[in-house]
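Show me how the following folds:
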Amino acid sequence: MKQIAHDLLEINAVTLAPQKPFIWASGIKSPIYCDNRLTISYPKIRTRIAQGLAALIKDTFPEVEVIAGTATAGIPHAAWIAEELQLPLVYVRSKPKDHGQGKQIEGVLHAGQKTVLIDDLISTGGSVLQAVRASQKEGAEVIGVCGIFSYQLKAATENFAQAKIPFETLTNYSELIDVAEEEQRINAVEKKLLQNWRKDPENWQ
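Okay, the predicted model is just below:
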């Protein structure tokens with residue numbers, strides 16, 4: 001967890017700005033901006049991520065039969081994980097194609113296959129749970145979701161619980177701000193602001 005948190009901070013995949021928060025599309029003020037797409041440009045880091053997620057999947061979901069990537073950010077990581085585990089790979093579009101056969105899932109996915117979905121980031125879980133439902137519609141048995149990073153928001157915990165889907169990530173918000181403080185990227189006051197945001201992001205000031 002600590003190594004991946006360091007990696008994300010080091011390449012600016014995660015930016016912490018408690019004094020000058022970002023505004024999310026939902027209108028929520030956020031002291032953190034996460035763009036894990038940057039990780040694909042760093043071979044050592046993307047390899048660490050793939051190997052870490054592969055190990056996590058083997059430990060947590062040992063019965064997995066198919067790795068599925070969510071479009072678009074989850075696809076490259078899913079491909080490296082599938083290679084690491086020597087498992088079939090599919091990817092799930094955000095919506096069905098509007099031409100051809102109208103597919104939403106690309107690759108070969110058989111009914112009943114035990115599937116783990118890969119996304120780069122878990123915020124509320126909304127987008128990846130849409131991919132879960134699309135996979136289930138095709139007959140897959142989705143046994144879990146894995147990602148690189150989680151904001152650890154209450155909404156995600158509730159949404160995954162409601163969907164009855166377990167999820168795991170390589171690192172998370174609490175670990176990341178601990179590492180940021182250790183590396184003197186933030187001070188104690190800023191860390192407190194960051195901790196308060198996770199408790200109540202909608203009313204955070």
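
going forward, measure contacts and count neighbours with C-alpha atoms only.
Fine.

And the helices in this protein, which stretches?
For the chain, applying DSSP state H gives helices covering 2-10, 43-60, 74-85, 126-137, 154-163, 173-182, 188-199.

And the fifth one, how far out from the chain middle?
If I follow you right, that is helix 154-163. Its chain's C-alpha centre and that of helix 154-163 lie 14 Å apart, by C-alpha atoms, centre = their mean, to the nearest Å.

Any chance of TSV for the helices of the chain, columns mean neighbour count, distance to residue 117 and mean pLDDT?
Output for the helices of the chain, formatted as TSV (neighbours: other C-alpha atoms under 10 Å; distance: least, C-alpha to C-alpha, whole Å; pLDDT from 0 to 100):
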stretch	mean neighbour count	distance to residue 117	mean pLDDT
helix 2-10	19	20	98
helix 43-60	17	10	98
helix 74-85	22	8	98
helix 126-137	19	7	94
helix 154-163	14	13	95
helix 173-182	18	21	97
helix 188-199	16	25	94
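
nearest to residue 104, of the ones you listed?
helix 126-137 (7.4 Å; C-alpha to C-alpha).

re earlier: indicate which one of the helices of the chain is closest to residue 67.
Among these, helix 74-85 comes nearest to residue 67, with 5.8 Å by C-alpha to C-alpha.

between that closest one and helix 126-137, how big is the angle?
Between helix 74-85 and helix 126-137, the angle comes out at 60 degrees (axes from the mean of the first three to the mean of the last three C-alpha atoms, to 10 degrees).

how about the helices of the chain in JSON lines, adding distance to residue 91?
Compiled in JSON lines, those are given as follows (distance: least, C-alpha to C-alpha, whole Å):
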{"stretch": "helix 2-10", "distance to residue 91": "24"}
{"stretch": "helix 43-60", "distance to residue 91": "16"}
{"stretch": "helix 74-85", "distance to residue 91": "6"}
{"stretch": "helix 126-137", "distance to residue 91": "9"}
{"stretch": "helix 154-163", "distance to residue 91": "20"}
{"stretch": "helix 173-182", "distance to residue 91": "27"}
{"stretch": "helix 188-199", "distance to residue 91": "31"}
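
Determine which of those helices approaches residue 37 most closely.
Taking C-alpha to C-alpha, helix 74-85 is the member of the helices of the chain nearest to residue 37, at 8.8 Å.

In contact with residue 21, which residues?
29, 30, 31, 32 (C-alpha atoms under 8 Å, 6 or more residues apart in numbering).

Return the per-residue confidence for the closest residue to residue 32 other than its chain neighbours.
Closest residue to residue 32 apart from its sequence neighbours, by C-alpha to C-alpha, 6 or more residues apart in numbering: residue 16 at 4.6 Å. Here, the pLDDT recorded for residue 16 equals 96.
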